[in-house]
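S.K.: next input, structure requested:
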Amino acid sequence: MVRNGRIGTAFRRCYTFSARYFPAVDRARHTPWFIALALLPGLVQGQTVDPNADPVRISGALGGTLSGYQMNGINARQQPLGYSLSGTLNLSIYGWNLPFSVAISRQGSNFSQPFTRFGVSPEYKWVKLHAGHRNLRFSEFTLNNITFLGGGVELRPKAFRFSAMYGMLQQAQRADENRYGVAQYKRMGYGALLGLGRKNTFDLTFFRAADDVSSLPLLDTLQRITPQASTTLGLRSRVQFAKDRLVLDADLAVGAYTHDLNAPRLDEDIYADRPIVGELGFNYASNLAGAGAVGLDYVKDKFTSGVQYRMVQPGFRTLGANYLLSDVEQITLRTAFPLAKDKLQLSGQFGVQRNNLSDRRFAGTARNIGSANVAYRPSTRVSVNLNYANFSIYQTLLLDTLFADSVLIDQVNHQVNVATLYQYGDAKRQHSWSLMTGYQQLSDRSDGPTDLGNRLINLNLQYQLRWLASRWGLVLGANYNDYSALLTTNERYGATVGATRMLKKDKLLLRLTHTWNRSQLPDRMDDIHSTHFSMNYRLSDRHALMLSAGNIRREGLQAFTETRGTVGYRMRF
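M.R.: The predicted structure is shown next:
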């Protein structure tokens with residue numbers, strides 16, 4: 001057992017070292033690591049090596065593909081030659097697990113440098129370390145599974161949780177190095193999580209990321225890009241009460257986002273009594289905002305019903321998430337329960353959403369979102385799934401003397417999907433029928449002179465037959481799509497035929513399919529033929545070979561022929 005005095009002594013020594021060798025700003029940046037280093041020696045004393053564990057165990061997988069591509073008639077959509085290599089390796093030493101992963105590829109539509117990623121996350125009992133390209137999630141509004149190149153640690157002894165990370169979120173790229181022709185700054189980030197509880201949990205999270213203003217040459221900085229930074233503090237909790245029938249989930253955060261680090265700094269007298277403002281570099285381009293989602297659910301047996309409130313204030317942003325919609329408020333009601341001895345499953349939800357929370361936009365938008373799902377399975381042979389969704393949007397200009405609260409958009413979108421499956425057979429043959437239908441209609445109820453609505457109908461029918469003794473399989477299919485709008489119509493229909501065969505005691509699978517589709521527009525008609533062949537051969541329990549080839553031919557306007565081929569190999573050890 002580790003005594004509190006020893007932990008405090010370790011922390012003081014670590015902080016004394018940081019104060020001597022790091023300036024004030026760097027201390028703030030590396031604080032999560034200093035805490036981790038201070039706690040780790042005492043915590044690791046609780047780890048013991050299992051004497052009964054195997055000394056060394058190695059397992060993993062390795063695979064690679066080589067692909068070829070050719071296009072005639074139009075511009076190529078990818079490079080003529082591509083490859084990919086991926087591998088995982090787990091090294092276990094007396095119970096310590098060290099998983100490695102690597103991925104290298106050269107694919108896509110440009111001839112850029114190969115894509116390479118490598119990472120390792122050694123783990124032993126409740127200690128887990130990260131190095132290389134990794135992903136961590138603290139919460140939705142702080143650090144949310146964004147990839148970083150660096151290091152991290154996770155400690156989970158019993159009901160205690162501690163996580164920390166530091167790394168590069170994006171590397172600097174000049175405009176001529178980026179496929180989109182847009183330069184980007186080098187971005188570094190760090191964060192920490194401190195939590196308690198198992199059944200009822202409380203987590204406090206922190207994350208900060210900032211661009212390096214000196215990571216791009218002057219020419220690239222003249223583009224319409226600015227160095228950014230964000231600092232976010234979050235609280236996440238889950239509490240069960242009332243005999244576990246009520247579950248409260250909360251994810252709250254407050255953050256400061258700076259969209260231009262080169263903006264003028266705040267006057268010192270503004271933050272004289274708040275030194276953290278100066279430490280984190282807030283300026284006149286910084287914005288303080290909050291975000292959160294709180295939900296309450298009632299659970300009894302197989303019945304669930306609940307409500308969730310979600311709000312993200314205007315200007316809230318964290319650089320620890322790939323995407324987050326801001327300036328939005330939403331309330332959602334939801335429920336799910338079974339009937340008829342679990343043969344019938346019912347679920348649904350309805351929500352109201354609006355933006356322009358601060359009344360600063362030119363127009364405000366409100367949405368009503370509702371959906372219902374019915375799943376019926378009276379036997380193992382028959383299943384029916386019905387889904388209905390309703391989405392309405394209502395947008396108005398802000399009330400003023402010029403527009404007098406005019407209505408810009410008033411639209412309702414209805415969507416119905418039905419999926420039916422019927423299977424039957426005997427000891428010789430197995431039959432399967434599936435029918436998928438969809439109907440979508442957008443109704444425009446705006447006061448404008450033209451109707452911007454549209455309609456879409458689609459039908460897909462498929463039949464599969466398998467001969468159990470010979471291992472042959474037959475696939476037949478038909479599809480129909482009808483789209484109509486104010487300015488255009490498009491009717492498409494086609495058919496599919498295919499065959500499969502299992503050989504070598506089901507180790508070799510051969511598949512050949514051909515699909516034909518005809519598209520009819522008001523001024524032209526196009527035919528598209530697609531042929532695909534694939535082979536999957538399981539050489540042994542640890543080795544597998546894959547081969548595929550495909551050809552697409554389009555007849556009509558912008559005719560072209562596209563050919564692809566891929567060979568791959570994968571092994572386990």
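S.K.: which parts of the stretch 201-350 of the chain are helices?
M.R.: Secondary structure of the stretch 201-350 of the chain (DSSP state H, counting those that start in this stretch): helices at 218-221, 275-279.
S.K.: distance from the helix or strand containing residue 440 to the middle of the chain?
M.R.: Element membership for residue 440, per DSSP states H and E: strand 429-444. On the basis of CA atoms, centre = their mean, to the nearest Å, strand 429-444 sits 27 Å off its chain's mean C-alpha point.
S.K.: contacts for that strand?
M.R.: Residues outside strand 429-444 that contact it (CB atoms under 8 Å, 6 or more residues apart in numbering) are 410-425, 451-468. For glycine as for every other residue, the C-beta is placed from the backbone atoms N, C-alpha and C.
S.K.: identify each buried residue in stretch 297-311, please.
M.R.: Within stretch 297-311, the residues scored as buried using 16 or more other CB atoms under 10 Å are 297, 306, 307, 308, 310, 311.
S.K.: now for residue 339: which residues touch it?
M.R.: By CB under 8 Å, 6+ apart, the residues touching residue 339 are 345, 346.
S.K.: that one and residue 380: what is the separation?
M.R.: Distance from residue 339 to residue 380, counting by CB to CB, to the nearest Å: 19 Å.
S.K.: one more: residue 443?
M.R.: In this view, residue 443 and residue 380 are 40 Å apart by CB to CB.
S.K.: comparing those two, which shows the higher neighbour count?
M.R.: Each of residue 443 and residue 380 has its neighbours counted (other CB atoms under 10 Å); residue 443 has more, 15 against 7.
S.K.: mind listing the residues bridging to that one?
M.R.: residue 412 (DSSP bridges).
S.K.: distance check, it against residue 391.
M.R.: 11 Å.
S.K.: one more: residue 424?
M.R.: 38 Å.
S.K.: so between those two, which is more surrounded?
M.R.: For residue 424 and residue 391, the more surrounded residue by other CB under 10 Å is residue 391, and the numbers stand at 15 against 11.
S.K.: my guess is that one meets residue 352, correct?
M.R.: No: distance between residue 391 and residue 352: 11.9 Å, which falls outside the contact criterion (CB atoms under 8 Å).
S.K.: what is in contact with the two at once?
M.R.: Common neighbours of residue 391 and residue 352 (CB under 8 Å, 6+ apart) are 367, 368, 369.
S.K.: what residue ranges in this protein score low on pLDDT?
M.R.: For the chain, the stretches with pLDDT under 70 are 1-54, 107-116, 219-222, 269-280, 395-410, 445-452.
S.K.: show me how the record splits it into domains.
M.R.: Following automatic domain parsing, one finds the domains of the chain at 1-46, 126-326.
S.K.: point out the most buried one among those.
M.R.: Burial of these is given as mean neighbour count (mean count of other CB atoms under 10 Å); domain 126-326 ranks first at a mean of 17.
S.K.: quick one: end-to-end distance for that domain.
M.R.: Distance between the two ends of domain 126-326: 36 Å, counting by CA to CA, to the nearest Å.
S.K.: quick one: that domain to chain centroid distance?
M.R.: Distance, centroid of domain 126-326 to centroid of chain: 16 Å (CA atoms, centre = their mean).
S.K.: swap in stretch 77-90?
M.R.: 21 Å.
S.K.: which residues sit against it?
M.R.: 57-71, 97-111, 562.
S.K.: these in strands, which ones?
M.R.: Among the contacts of stretch 77-90, DSSP state E puts 57-71, 97-106, 562 in strands.
S.K.: narrow the residues you listed to just the buried residues.
M.R.: Buried members of the ones in strands among the contacts of stretch 77-90, scored by 16+ other CB under 10 Å, are 63-65, 67, 69, 71, 98-102, 105-106, 562.
S.K.: redo those residues as a markdown table? Include distance to residue 431.
M.R.: Below are these laid out as a markdown table (distance: CB to CB, whole Å):
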| residue | distance to residue 431 |
| --- | --- |
| 63 | 36 |
| 64 | 39 |
| 65 | 35 |
| 67 | 36 |
| 69 | 38 |
| 71 | 40 |
| 98 | 50 |
| 99 | 44 |
| 100 | 47 |
| 101 | 43 |
| 102 | 45 |
| 105 | 41 |
| 106 | 44 |
| 562 | 34 |
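S.K.: among the residues you listed, which one lies nearest to residue 227?
M.R.: Using CB to CB, residue 105 comes nearest to residue 227 of those, at 29.9 Å.
S.K.: what's across from that closest one in the sheet?
M.R.: Beta-bridge partners, per DSSP bridges, of residue 105: residue 84, residue 115.
S.K.: am I right that residue 176 is in a strand?
M.R.: No: counting by DSSP: H, G, I helix; E, B strand; the rest coil, residue 176 is not part of a strand but helix.
S.K.: ok, it to residue 218 distance?
M.R.: 15 Å.
S.K.: distance-wise, check residue 474 relative to residue 511.
M.R.: Taking CB to CB, one finds residue 474 at 12 Å from residue 511.
S.K.: contact partners for residue 370?
M.R.: 348, 349, 350, 351, 389, 390, 391.
S.K.: again, only using 10 Å
M.R.: 332, 333, 348, 349, 350, 351, 352, 388, 389, 390, 391, 392 (CB atoms under 10 Å, 6 or more residues apart in numbering).
S.K.: part of a helix, is it?
M.R.: No: looking at residue 370 with three-state DSSP, it is strand, so not inside a helix.
S.K.: give me the beta-bridge partners of it?
M.R.: residue 350, residue 390.
S.K.: against residue 212, how distant is it?
M.R.: 46 Å.
S.K.: in the stretch 251-400 of the chain, which spans are strands?
M.R.: Taking DSSP state E, counting those that start in this stretch as the criterion, the stretch 251-400 of the chain carries its strands at 286-300, 303-312, 328-339, 344-355, 363-376, 382-397.
S.K.: quick one, the fifth one and strand 344-355 angle?
M.R.: Between the direction of strand 363-376 and that of strand 344-355, the angle (axes from the mean of the first three to the mean of the last three CA atoms, to 10 degrees) works out to 180 degrees.
S.K.: just the buried residues of strand 363-376, please?
M.R.: Residues of strand 363-376 classed as buried: 364, 365, 367, 369, 370, 371, 373, 374, 375, 376 (neighbour count, 16+ other CB under 10 Å).
S.K.: so it versus strand 328-339, what angle?
M.R.: Using the same axes, to 10 degrees: strand 363-376 against strand 328-339 is 10 degrees.
S.K.: what is the neighbour count of the residue nearest to residue 460 when sequence neighbours are not counted?
M.R.: Spatial nearest neighbour of residue 460, excluding adjacent residues (CB to CB, 6 or more residues apart in numbering): residue 436 at 4.5 Å. By other CB under 10 Å, the residues close to residue 436 number 16.
S.K.: next, work out how far apart residue 436 and residue 234 are.
M.R.: 41 Å.
S.K.: ok, now residue 531?
M.R.: Distance from residue 531 to residue 234, by CB to CB: 52 Å.
S.K.: residue 503 too?
M.R.: 56 Å.
S.K.: one more: residue 61?
M.R.: Note on residue 61: its distance to residue 234, by CB to CB, is 36 Å.
S.K.: contact partners for the nearest residue to residue 144 once chain neighbours are set aside?
M.R.: Spatial nearest neighbour of residue 144, excluding adjacent residues (CB to CB, 6+ apart): residue 321 at 4.1 Å. Neighbouring residues of residue 321 by CB under 10 Å, 6+ apart: 137, 139, 140, 141, 142, 143, 144, 145, 146, 207, 230, 232.
S.K.: now residue 321: how far from residue 570?
M.R.: 33 Å.
S.K.: one more: residue 99?
M.R.: In terms of CB to CB, residue 99 sits 18 Å off from residue 570.
S.K.: ditto for residue 328
M.R.: To residue 570, residue 328 is 44 Å away according to CB to CB.
S.K.: comparing these two, which residue is more hemmed in?
M.R.: The neighbour comparison of residue 328 against residue 570 (other CB under 10 Å) goes to residue 328, with 20 against 17.
S.K.: for residue 161, phi and psi?
M.R.: phi -130, psi 130 (degrees, to the nearest 10).
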